[in-house]
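Visitor: Give me a 3D structure for the following:
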Amino acid sequence: MDYQAIIRERMGDYRYIHSCNVAEEAVYLAKLYGCDADKAYIAGILHDITKEFDKNEQLQIMRDGGIILDSVQQRAPVLWHSVSGSVYVQAQLGITDSDIINAIRYHTTGRGGMSLLEKIIYTADFTSKERSYPDADVMREKARRSLEEAMLFSCQFTLQNLSKKEAAIHPDQLHCYNDIVLNRKDKPI
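Guide: From the prediction side, this is the model:
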């Protein structure tokens with residue numbers, strides 16, 4: 001299946017370039033860390049497939065998939081595309097690989113107990129080559145040393161940013177952070 005052509009029809013130029021870059025970065029990280037590069041490409045290219053869909057369309061996709069949004073998700077439409085995207089790739093593209101589905105589903109918040117592929121997609125979304133936020137190069141350097149180090153850095157940034165705005169923090173993000181901190185081998189608790 002030509003996933004690149006599929007996403008091209010569903011998103012604008014910036015999002016399309018970003019998705020291609022995330023797929024490229026995901027393949028690089030997969031090879032670096034010993035993950036299936038084909039699965040990394042598929043999850044990377046499709047991770048934002050519903051990001052530019054209308055909010056009502058995203059809600060309908062989730063309802064059709066039996067998804068009930070929790071209280072944080074209900075008030076944070078920015079999180080919807082990962083959930084709706086995971087449902088969409090199953091229903092519309094026939095993807096049945098749970099690791100790919102979960103990599104798409106948790107690429108925005110992370111979660112505790114992430115698979116290697118999930119960590120790669122989460123990280124690749126932050127480190128794709130068009131990203132130019134402050135410390136993007138620091139994040140890329142960390143990603144090449146340790147996925148967990150990069151994820152910890154991104155979690156700290158996200159948690160600080162959300163708390164400064166007095167925005168709700170999704171429990172999956174907290175579980176992701178705690179999982180990394182509690183399982184670090186280089187630093188005792």
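
Visitor: Residue 108: how many residues sit nearby?
Guide: The tally of other residues near residue 108 (other CB atoms under 10 Å) stands at 23. For the C-beta atoms, the positions are set from N, CA and C on the backbone; glycine is no exception.

Visitor: as a whole number, average confidence for the helix or strand that residue 173 is a member of?
Guide: Here residue 173 sits within helix 171-182, counting by DSSP states H and E. The average of the pLDDT scores along helix 171-182 is 97.

Visitor: now do stretch 126-141
Guide: Mean predicted lDDT for stretch 126-141 stands at 93.

Visitor: same thing with stretch 146-162?
Guide: Throughout stretch 146-162, pLDDT has a mean value of 95.

Visitor: For that stretch, which outside residues touch it?
Guide: Stretch 146-162 is touched from outside by 29, 33, 110, 116, 119-120, 122-123, 126-127, 135, 138-139, 142-143, 168-169, 173-174, 176-177, 180-181, 183-184, with contacts defined as CB atoms under 8 Å, 6 or more residues apart in numbering.

Visitor: Among the residues you listed, the buried ones, what's the PyMOL command?
Guide: Selecting only the buried entries of the contacts of stretch 146-162 in PyMOL, with 16 or more other CB atoms under 10 Å as the criterion:
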select buried, resi 29+33+110+116+119+120+122+123+126+127+139+142+143+169+173+174+176+177+180
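
Visitor: Using CSV, write out every CA atom in the helix holding residue 173.
Guide: This file holds the C-alpha atoms of helix 171-182, laid out as CSV (Å, rounded to 0.1, in the frame of the first residue of the first chain):
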residue,chain,number,x,y,z
PRO,A,171,-2.6,10.5,32.9
ASP,A,172,-0.8,8.7,30.1
GLN,A,173,1.8,11.4,30.0
LEU,A,174,2.4,11.1,33.7
HIS,A,175,2.6,7.3,33.5
CYS,A,176,5.1,7.7,30.7
TYR,A,177,7.3,10.1,32.7
ASN,A,178,7.1,7.9,35.9
ASP,A,179,7.8,4.7,33.9
ILE,A,180,11.0,6.3,32.5
VAL,A,181,12.1,7.7,35.9
LEU,A,182,11.4,4.5,37.8
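
Visitor: Please identify the helix or strand for the spatially most central residue of the chain.
Guide: Nearest to the geometric centre of the chain sits residue 107, at 1.5 Å (CA atoms, centre = their mean). For residue 107, there is no enclosing helix or strand under DSSP H and E.

Visitor: can I assume it is in contact with residue 121?
Guide: Yes - at 4.8 Å, residue 107 and residue 121 qualify as touching, with contact defined as CB atoms under 8 Å.

Visitor: Find residues that contact each of those two.
Guide: Listed as contacting both residue 107 and residue 121 by CB under 8 Å, 6+ apart are 43, 47.

Visitor: coming back round to it: show me the contacts for the residue nearest to the centre of the chain.
Guide: Residues in contact with residue 107 (CB under 8 Å, 6+ apart) are 43, 47, 82, 118, 121, 122, 125.
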